[in-house]
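J.: With the input below, show me the fold.
(6 chains)
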There are 6 protein chains.
Amino acid sequence: MRFAAFGEVMLRLTPPESFLLDQTNELRMDYTGTGVNIMANLAQFNYETFLVTVLPDNRLGQVAKSALMKYGIRPNLLHFAHQHIGSYFAENGFGQRPTQVTYQNRHHSSFGVSDSTAYDFEAVVEGSDLIHICGISLSLTNDTRNAAHELAKKAAQAGKKVCFDFNFRPSLNTEPNKFDFMKKQYEMILPYCDIVFGSTRDLTELLQMEKVASEEALIREFMENYQVECFAGTKRTSEKNQKQLQGFLYNRTEQVVSQRHELTILDRIGAGDAYAAGILAGYAESWPIVETVEFATMNAVLAHTIHGDVPLTTKEQVLTVLKNPGIDLLR
Amino acid sequence: MRFAAFGEVMLRLTPPESFLLDQTNELRMDYTGTGVNIMANLAQFNYETFLVTVLPDNRLGQVAKSALMKYGIRPNLLHFAHQHIGSYFAENGFGQRPTQVTYQNRHHSSFGVSDSTAYDFEAVVEGSDLIHICGISLSLTNDTRNAAHELAKKAAQAGKKVCFDFNFRPSLNTEPNKFDFMKKQYEMILPYCDIVFGSTRDLTELLQMEKVASEEALIREFMENYQVECFAGTKRTSEKNQKQLQGFLYNRTEQVVSQRHELTILDRIGAGDAYAAGILAGYAESWPIVETVEFATMNAVLAHTIHGDVPLTTKEQVLTVLKNPGIDLLR
Amino acid sequence: MRFAAFGEVMLRLTPPESFLLDQTNELRMDYTGTGVNIMANLAQFNYETFLVTVLPDNRLGQVAKSALMKYGIRPNLLHFAHQHIGSYFAENGFGQRPTQVTYQNRHHSSFGVSDSTAYDFEAVVEGSDLIHICGISLSLTNDTRNAAHELAKKAAQAGKKVCFDFNFRPSLNTEPNKFDFMKKQYEMILPYCDIVFGSTRDLTELLQMEKVASEEALIREFMENYQVECFAGTKRTSEKNQKQLQGFLYNRTEQVVSQRHELTILDRIGAGDAYAAGILAGYAESWPIVETVEFATMNAVLAHTIHGDVPLTTKEQVLTVLKNPGIDLLR
Amino acid sequence: MRFAAFGEVMLRLTPPESFLLDQTNELRMDYTGTGVNIMANLAQFNYETFLVTVLPDNRLGQVAKSALMKYGIRPNLLHFAHQHIGSYFAENGFGQRPTQVTYQNRHHSSFGVSDSTAYDFEAVVEGSDLIHICGISLSLTNDTRNAAHELAKKAAQAGKKVCFDFNFRPSLNTEPNKFDFMKKQYEMILPYCDIVFGSTRDLTELLQMEKVASEEALIREFMENYQVECFAGTKRTSEKNQKQLQGFLYNRTEQVVSQRHELTILDRIGAGDAYAAGILAGYAESWPIVETVEFATMNAVLAHTIHGDVPLTTKEQVLTVLKNPGIDLLR
Amino acid sequence: MRFAAFGEVMLRLTPPESFLLDQTNELRMDYTGTGVNIMANLAQFNYETFLVTVLPDNRLGQVAKSALMKYGIRPNLLHFAHQHIGSYFAENGFGQRPTQVTYQNRHHSSFGVSDSTAYDFEAVVEGSDLIHICGISLSLTNDTRNAAHELAKKAAQAGKKVCFDFNFRPSLNTEPNKFDFMKKQYEMILPYCDIVFGSTRDLTELLQMEKVASEEALIREFMENYQVECFAGTKRTSEKNQKQLQGFLYNRTEQVVSQRHELTILDRIGAGDAYAAGILAGYAESWPIVETVEFATMNAVLAHTIHGDVPLTTKEQVLTVLKNPGIDLLR
Amino acid sequence: MRFAAFGEVMLRLTPPESFLLDQTNELRMDYTGTGVNIMANLAQFNYETFLVTVLPDNRLGQVAKSALMKYGIRPNLLHFAHQHIGSYFAENGFGQRPTQVTYQNRHHSSFGVSDSTAYDFEAVVEGSDLIHICGISLSLTNDTRNAAHELAKKAAQAGKKVCFDFNFRPSLNTEPNKFDFMKKQYEMILPYCDIVFGSTRDLTELLQMEKVASEEALIREFMENYQVECFAGTKRTSEKNQKQLQGFLYNRTEQVVSQRHELTILDRIGAGDAYAAGILAGYAESWPIVETVEFATMNAVLAHTIHGDVPLTTKEQVLTVLKNPGIDLLR
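T.: You can find the predicted model right below:
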């Protein structure tokens, strides 16, 4: 299966060793984003993957391209225009201190100011079997929103699988009336989508579906409404200071919840993308739903133990840890 | 409220990533000390703060001054004389391995060899509303001891609040008869003090007060004896390998103990100073005593999650974590 | 003399050890800009200095403020609004390989989107004796241009010295008709200016003054036209691979050219600002014009030997090197 | 007691801060190996220690020698020949992610291609009281195997104590018939050995002794068979994600099991060697068997809290932690 | 034009900042080799490039693959087998101190033990227009030698351009009779070669051609003998401590020598490969021979100013420096 | 020949990459001092060397000991007492910016407060053939002065060679009458000395010998006066910004001046000690005086190209560079 993702490449800047920004002059530079994370992980799983985006037409664009190629993402669908890249500073948390993210320059980035005319969506649709679209594109700018809608439609019409990730951030949508506007955008894109990542909160709070008897019924109703083939996500819980993670997956006929895993967190960001990559791998291989969800959840657990938001796990590594719980040395 | 602290600026040298000194050639340089820590944290809380000290009249003094200004401490009351700065090497512990501190050159530092004539205490008293004096000044040298006594007296006479921190280290006072001598020094300074940080152990072991029925009675007796307005401190406990922290605060009419928090420790040093800064913020704002102690304790908990001994928390950050227990990502 | 500068604070990101951006994940973070550089250097020279700017109202703004305070710049005239900071990546050159600068996000930065209403120019004018305005403010956005004009006018009307730096970058002004527009902006601000930094090229190419018999005549004509008190700048020359620097300074009655110094370059950026700071120090102290220009030129020479664009020289250091040419060890 | 160890010096290359090899260009270089680890730790305990090995006759051999001398290992029995050193890359695990070791070039290293003629075993036997031989020498190459056998025999004949460490790695012995061949090698060397480190698994799986009623009976039978004076080892257990360690020690008349300690793991590798060094220290000092095993186990616990596989604990440090459980700050 | 190179990928380990190996524990990891260097540079020049090699079938092979993809080299012709990678330690020189290279494990690397059966040379020949073979393959092992011969033959027979690089290192060929043997190997491969990189010393010392009247005549005779289309190389000269570089290029009808450039050296290794890449770019574009040699020489000059042996120059960068001598800042 | 040196071990703290102390939080830690430098270099030359000093009886003393052992200096004559080590901060210069050294805590270091009773000078004299005493011991404290005198006397009386290094620093001797006092100290120790390092300035300014017709006559008179066997030193000159170095050596019958070498300076400190080590190597081997001085001078030239003040050259390396001027790559 060949995968493509439409989304923003962001420059992530992280102080070393959990230092705060005022404690060090040193930053680690990474290139990241939901699409990057999922495509990079699927490339590690040995799938052919592409990113559909616009990078700055300058040194930063070249450097970002190098970084994507290093992850194994093919550069064929990258475009280079304008001069800016969105970025974020991540001050990694530790213990009770939360990770602090500060975004910069997303609306005026090369991606943010590019509409559908910047891309060759025919080539995207032709060259891939499954296309991932991140919900953030719907919030970011008019240009990214319109491009996302157009790509979803074209992909669906061409009979390609469309994968969509809610990723709704109330904090990015605080203008008046923005919420209703956003609700409509989500309702517009969902009919084109086959695989959706989200939470019941997305269904009740964003889509404003009524809370029904059970979570299951709610999800089934949502899947019915939009003819969604798979709905999946994770739940984060916490006992004392111990964080935990659990994945769930619904397909047309079955549903399953994974074991609950305790988290040891080296880097908080990107675990959801690792979960999505795991689900997509299971989908591509038609693994049984239980295997898929356990694989995806362990992939997300391991993503917490890897610096940065790009999950660099391989299938073999995930399976080894699933088969040998507690293993701490491989040689 | 304007705060000033009288105390030593020390150069802290720390190997990276919990390495031992014999494992690396790399050291991190920080400028620290009880007064620095508290004033820096109060500056983060947006108070006007000053440090009253003598720094070397050379490159190290200039560099220390830059570091203090970066923390937001105003340089107006810094003096520059002599050539040496006290320092310590901190080999950060990990798990069962304790943090190992090795002091260097404290007695002959610019601060250690400066008596009250080196300072302009009138300006100190006039320019600040609360003056913090660290008990270590009483132990360090004759010069620092006499300066501390003189400043306490002048501040009290001018009607300014005097805040005192026991900080008694038996290991710094091992000469014969030194203990009795030190007891007298503490007894001499306490009558000038309004806010005192310490533990019941300081009362029974250093001041040699008799153990009475309850801890509470002991503290009330102490506060009575010296007409102390507030007495506060923390208690460190441990279950298996899990360390815990709890704060307490007595004012003239009330007393309160905070929740017990589990500690996740990135850096062991400076948490007591964070607690003190939290208490002083509550004092400055006349917060209710319960709010004050919970704020101060969480501030100390967070200080354990920050490298170095200077607590770089803001009020907003402490309140966010108090209101959202378990929160691990802010964006 | 108290100095204030109106200008942008930029985040500079530099790979270590002359690495290219594709060779490392590590970046050094510095806060810089023409105003920052000159005010920081004058603070090192023990003058009271202020920066008049708008920083983001988030973690980056706080971190930038810390950095400015560390340089000794007083934070009183800093404002915090909006969410973005301009930045640039500097890939340091080596030998024949030029330093490569890539700008990001300057037009939409907190500074770029702030007009004169964001500032308290009355306080600026009252609190300082000389106000520096960088020509880049005229190019950046409408908002910064209007604010610059307003500040220049207010300062001049209040009888304060206005210092202006051409800093014209054709590459920032490539839109059609932009050149003529910019010419007018410069012509509008110059009548308010007392001290101007630039080159004869600025006079002939930007102001389109006619080339006359001698460089001297040209400069005298310019100074006459706009009633400029001082005009100063540097000339960079090159013999084989050996770069050289020479400073010049005209006041109302005299003119002088410095010795020509060979450059050893650790960091190419910021030397012009060091020259300006040196000239301003001489102006503040009413040094003889020859001393002033030799001091400023050596300050610029030394700025090439210091990482980053903020010149961290002290007066003593510059004078020591002037008095002891070839000195390579101080202890 | 003077100790010597026969074994390979390996170059360990480790990415910083738990990064994966594809995430960083930076590696930490250490010189390590079972013999190095034990001799270095015993040198920290103030014993005279030697390593008997062949290092490359080039810069890497010189650098390795410097590293060994830094640990306090005497260089007298080092030989320099050939051009290669074995190495391994250690990608440090974190949480559920296991540490990944990748070996390089062990069979063709200077040590791997050196047989007994490369050494002066007479000098080894004469200059030391106890000689440690690592079981890996039996697996590595014909040359190292023959040298190990010869040294064991010579040492035993000279009445010196021989200490042997099973260290059997099935993964290093996967050729057909290799297992039976290896079994014979172990059976050949054991009669010369006085102190043996291993596990009951080594007895049942490698030596193929029959499982008997109790672990104790099995070990006693093994000790009887080969006239072994001491048999010792550790057991790693795990509750949820919490790893634990326990040591055991049998001498001719007694046997003891240590307390079970929870592990906080900074570096997974080398803890077994720390345990061995602790047992050997107790042996050298004729400490009671309980004290010996508690000391050795705590030494192993602390080794997990130190970067690298060389345990840099001192006796005082181990005893301090044993006497003050939970201590987290020494000053 | 599509390029492929047959050759070894080596792991280069370099201490930072010109430190010696005994002064630091930190090493920089890069993946390099003549083929890597040339293909990476041509990929920077926007050509489609491939490397034909065998990498270890373990983590190091994966990491090396990532590194090659980051350079823009396509991974299609990479093979994964065996467990080892050749490596070298480079202690970068400074001033009079020469760079010291220490090789490790080249003969037993995955590349070194792979013969032609490990490759799909048909695919190589089909997928590329020009195939580069490095002379080191002839020296390394029987397997690499035979593979090189076979590939050269197949490529020539298929009418593809074969590019060969003498790269003869006497120090790698010190066994008795090895020299004569090597001479024959070079004589065997040269008839298949169209473009050859070398020096007159290679012709007189290795091929033992007689010195004739002029260098030119010698080269023309060599080109005649083997029907070589182009012969190119560089000459390094030195005046006092100032190193200089000059390139030359002969094609069938013309010959040209470049300007002599002074070198500023950040990294001594890889400049010859940059020269080769420059010549190949000119060849691909059919640039006039003078332009080609000036481009290639400046590319080599710039390669000295870039860390590591992989030249990361772009065509634009080289042309910019050629057109603007002395330029030191681009923004 | 076995060498011992009496002198202070200092902790050197150096910011990386020529940063100023206010630009970085990172420092490199090295253990250094004239005695350390010379003994370390002679150990690199394969001589048996010892340092006679007192180190702190704490972690810093242990770490310093490890560092000395790493250099190959034998630890047998190290003593451990008191708690402090002298240190210095070196801000490495670049181009016209001089290296700035800031000393800390030398007078109260473990070495500074130790008199002859802290040492076993009998063992020193017995265990070595040549004993080096640094003139700084005469300036530092009464204790170090008296110890130096006593050791010089004992060594001379036992017929061992005494080597003395003027190393007079006016800046360390600024108290009133200190100069005359110091002159007497030098006059007292010189009669015991066989090999003396210094300059003619030491003879005229410190010993106040009258300037005579020629430098040669002055030195001969000095050697006569104190029956000195060898007198040696270096002269630093400068043409424009190009520094140069030249060595000289007088023995009883001959005198020689080396070639003048241009310096490329990575680290300014320690070159004089490298020269001394080179002279002592030639003395130990009875090399002809010309060879000795050329070797020593090249050793000093190379010391400028190595970080830190400990010259880590080997004999082979020095000879290679002498024989192959301009060589820049060894493999």
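
J.: How about the contacts made by A:Ile289?
T.: A:Ile289 makes contacts with A:249, A:251, A:254-256, A:282, as judged by C-beta atoms under 8 Å, 6 or more residues apart in numbering or on different chains. (C-beta placed from N, C-alpha, C; glycine too.)

J.: Farthest-apart pair in those residues, please.
T.: In those, the most distant members under the criterion C-beta to C-beta are A:Gln255 and A:Gly282, with 14.1 Å between them.

J.: Look at the two and report which has more neighbours.
T.: Neighbour count, other C-beta atoms under 10 Å in any protein chain shown: between A:Gln255 and A:Gly282, A:Gly282 has more, with 23 against 17.

J.: any idea how far the more buried one lies from F:Arg74?
T.: Here A:Gly282 is placed at a distance of 64 Å from F:Arg74 (C-beta to C-beta, to the nearest Å).

J.: Could I get the contacts of A:Ile289 in a markdown table, plus columns for secondary structure?
T.: Formatted as a markdown table, the entries for these read as follows, by DSSP: H, G, I helix; E, B strand; the rest coil:
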| residue | secondary structure |
| --- | --- |
| A:Leu249 | strand |
| A:Asn251 | coil |
| A:Glu254 | coil |
| A:Gln255 | strand |
| A:Val256 | strand |
| A:Gly282 | helix |
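
J.: Chain B: which of the residues you listed is nearest?
T.: Relative to chain B, the closest of the contacts of A:Ile289 is A:Leu249; by C-beta to the nearest C-beta it sits at 23.5 Å.

J.: burial of that closest one, as a residue count?
T.: One way to gauge burial is a neighbour count; for A:Leu249, by other C-beta under 10 Å, it gives 25.

J.: Which pLDDT does the model give it?
T.: Model confidence at A:Leu249, expressed as pLDDT, equals 98.

J.: so who does it touch?
T.: In this structure, A:Leu249 makes contact with A:230-232, A:255-256, A:279, A:289, A:292-293, A:296, judged by C-beta under 8 Å, 6+ apart.

J.: Among these, which are located in helices?
T.: A:279, A:289, A:292-293, A:296 (DSSP state H).

J.: Return the member of these nearest to B:Ala158.
T.: Among the ones in helices among the contacts of A:Leu249, A:Ala296 lies closest to B:Ala158 (C-beta to C-beta), at 67.4 Å.

J.: count of neighbours near the nearest residue to that closest one once chain neighbours are set aside?
T.: Excluding the flanking residues, the one nearest A:Ala296 by C-beta to C-beta, 6 or more residues apart in numbering or on different chains is A:Gly278, at 2.8 Å. A:Gly278 has 33 neighbours, counted by other C-beta under 10 Å.

J.: Do I have it right that A:Gly278 meets A:Glu291?
T.: No - contact status for A:Gly278 versus A:Glu291: not in contact, 10.3 Å apart, counting by C-beta atoms under 8 Å.

J.: Report the contact partners of the closest residue to chain E within the stretch 101-250 of chain A.
T.: Each residue of the stretch 101-250 of chain A has a distance to chain E, by C-beta to the nearest C-beta, and the smallest belongs to A:Gly127, at 16.6 Å. For A:Gly127, the contact set (C-beta under 8 Å, 6+ apart) comprises A:2, A:4, A:50, A:76-77.

J.: Let's see that with 6 Å instead.
T.: Going by C-beta atoms under 6 Å, 6 or more residues apart in numbering or on different chains, A:Gly127 touches no other residue.

J.: How much space separates it from A:Thr102?
T.: In this view, A:Gly127 and A:Thr102 are 36 Å apart by C-beta to C-beta.

J.: With A:Ser18 instead?
T.: Going from A:Ser18 to A:Thr102 by C-beta to C-beta gives 16 Å.

J.: repeat for A:Gln185
T.: According to C-beta to C-beta, A:Gln185 stands 26 Å off from A:Thr102.

J.: and what of A:Trp287?
T.: Per C-beta to C-beta, A:Trp287 is found 39 Å from A:Thr102.

J.: of the two, who's got more company?
T.: Applying other C-beta under 10 Å to A:Trp287 and A:Thr102 shows that A:Thr102 carries more neighbours, namely 23 against 17.

J.: Work out for me the element the more buried one sits within.
T.: Secondary structure assignment for A:Thr102, by DSSP states H and E: strand A:99-104.

J.: Quick check: buried residues in the helix or strand following that strand?
T.: Scanning forward in sequence from strand A:99-104, with DSSP H and E defining helices and strands, the next element found is helix A:121-127. Buried residues in helix A:121-127, defined by neighbour count with 16 or more other C-beta atoms under 10 Å in any protein chain shown: A:121, A:124-125, A:127.

J.: What count of nearby residues applies to the residue in the stretch 201-331 of chain A that chain E sits nearest to?
T.: Ranking the residues of the stretch 201-331 of chain A by distance to chain E (C-beta to the nearest C-beta) places A:Thr314 first, at 8.1 Å. A:Thr314 is surrounded by 15 other residues when neighbours are defined as other C-beta under 10 Å.

J.: Count the neighbours of the closest residue to chain E within the stretch 51-200 of chain A for me.
T.: In the stretch 51-200 of chain A, no residue comes nearer to chain E than A:Lys70, which is 3.8 Å away by C-beta to the nearest C-beta. Other residues lying near A:Lys70 total 23 when counted by other C-beta under 10 Å.

J.: And the one 10 residues further on, by the same measure?
T.: Burial of A:Phe80, expressed as a neighbour count using other C-beta under 10 Å, amounts to 16.

J.: Helices of chain A, residue ranges please.
T.: Ranges of helices in chain A, per DSSP H, are A:34-44, A:59-70, A:121-127, A:136-140, A:142-157, A:178-189, A:200-201, A:215-226, A:271-285, A:289-303, A:315-323.

J.: just checking, what packs against the longest one?
T.: In this case it means helix A:142-157. With contacts defined as 3 or more C-beta pairs under 6 Å, 6 or more residues apart in numbering or on different chains; DSSP states H and E, the secondary structure elements packing on helix A:142-157 are helix A:121-127, strand A:130-134, helix A:136-140, strand A:161-165.

J.: thinking A:Thr313 is in contact with A:Ala300, fair?
T.: No - under the criterion of C-beta atoms under 6 Å, A:Thr313 makes no contact with A:Ala300, lying 9.6 Å away.

J.: Just the closest residue of the stretch 101-250 of chain A to chain D, please.
T.: For the stretch 101-250 of chain A, C-beta to the nearest C-beta, closest residue to chain D: A:Gln242, 9.3 Å.

J.: correct me, but A:Thr24 touches A:Pro15?
T.: Yes - the pair A:Thr24 and A:Pro15 qualifies as a contact (C-beta under 6 Å) at a distance of 4.9 Å.

J.: So for these two, which residue has more residues nearby?
T.: For A:Thr24 versus A:Pro15, the count of surrounding residues by other C-beta under 10 Å is larger for A:Pro15: 21 against 18.

J.: can you pull the contacts of that one?
T.: A:21, A:24.

J.: Relative to A:Ile73, how far out is the nearest residue to A:Asp57 once chain neighbours are set aside?
T.: In space, not counting the residues next to it along the chain, A:Asp57 is nearest to A:Phe80; the distance is 4.3 Å by C-beta to C-beta, 6+ apart. Using C-beta to C-beta, one obtains 15 Å as the distance from A:Phe80 to A:Ile73.

J.: same thing with A:Ser214?
T.: When A:Ser214 is compared with A:Ile73 (using C-beta to C-beta), they lie 40 Å apart.

J.: between these two, which one's more packed in?
T.: Just comparing A:Ser214 and A:Ile73: by other C-beta under 10 Å the higher neighbour count belongs to A:Ile73, 27 against 9.

J.: Look at A:Gly233 and say how many residues are nearby.
T.: In terms of burial, A:Gly233 registers 23 neighbours under the definition other C-beta under 10 Å.

J.: Return the most buried member of the helices of chain A.
T.: With neighbours taken as mean count of other C-beta atoms under 10 Å in any protein chain shown, these reach their highest mean count in helix A:34-44, at a mean of 28.

J.: ok, back up a step: reformat the helices of chain A as TSV; add mean pLDDT.
T.: Formatted as TSV, the helices of chain A follow (pLDDT from 0 to 100):
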stretch	mean pLDDT
helix A:34-44	98
helix A:59-70	98
helix A:121-127	97
helix A:136-140	94
helix A:142-157	98
helix A:178-189	94
helix A:200-201	94
helix A:215-226	96
helix A:271-285	97
helix A:289-303	98
helix A:315-323	97
